[in-house]
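Visitor: Starting from these lines, generate the structure:
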Amino acid sequence: MRSVHQTGRRFRQAFTLIELMLVLVILAVLAAVVVPKFSGKSEAARMSACKAEISIIDGALDQYEQAVGKYPSSEEGLRALIEAPSNTRGWAGPYLKRNDVPQDPWKRDYIYRFPATHNKGGPDLFSVGADGQEGTPDDIDNWSQK
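Guide: The predicted structure follows:
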């Protein structure tokens, strides 16, 4: 009787293939549920960060305009917030704390246009968003945020 009990104990010390497969299936189901939730949150965080950064750059452009008397041209671009363009009087920058013009959260340059085509009374400033294409619903801009 003792040998039967020891055999049963050895059998209990190891996992069966079915038990291992069941654990793997449970982990796969959990991963399938959890991973999309985290990826959606990171995209929402990128969009929020982009809106905040556009607002900061827009404020810096307003400071530039108050000091110089006009917004930078499209050719001068956002670089005018960091370095004074030639033949510019009254420049009191840099207007951004960074030493370089920031990129959007998708590692692309913000698009700046002045004279503007959308924003009345100021320049157009926007990101093309995650898809990288202008004019799509994921674009983030300074004229529809106001």
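Visitor: Break down the chain into its helices, ranges please.
Guide: Per DSSP state H, the chain carries helices over the ranges 2-13, 17-68.
Visitor: Out of those, flag the one nearest residue 142.
Guide: Proximity to residue 142, assessed across the helices of the chain by C-beta to C-beta, is greatest for helix 17-68 (4.9 Å). For every residue, glycine as well, the C-beta is placed using N, CA and C.
Visitor: quick check: mean pLDDT across that closest one?
Guide: The average pLDDT within helix 17-68 is 83.
Visitor: Determine the set of other helices and strands touching it.
Guide: Identification of packing neighbours for helix 17-68 by 3 or more C-beta pairs under 8 Å, 6 or more residues apart in numbering; DSSP states H and E yields strand 124-127, strand 140-141.
Visitor: could those be laid out in TSV, adding distance to residue 133?
Guide: Converted to TSV, these look like this (distance: least, C-beta to C-beta, whole Å):
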stretch	distance to residue 133
strand 124-127	11
strand 140-141	13
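Visitor: possible to save the ones you listed as a markdown table with mean pLDDT and distance to residue 46?
Guide: Converted to a markdown table, the helices and strands packed on helix 17-68 look like this (pLDDT from 0 to 100; distance: least, C-beta to C-beta, whole Å):
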| stretch | mean pLDDT | distance to residue 46 |
| --- | --- | --- |
| strand 124-127 | 96 | 10 |
| strand 140-141 | 94 | 10 |
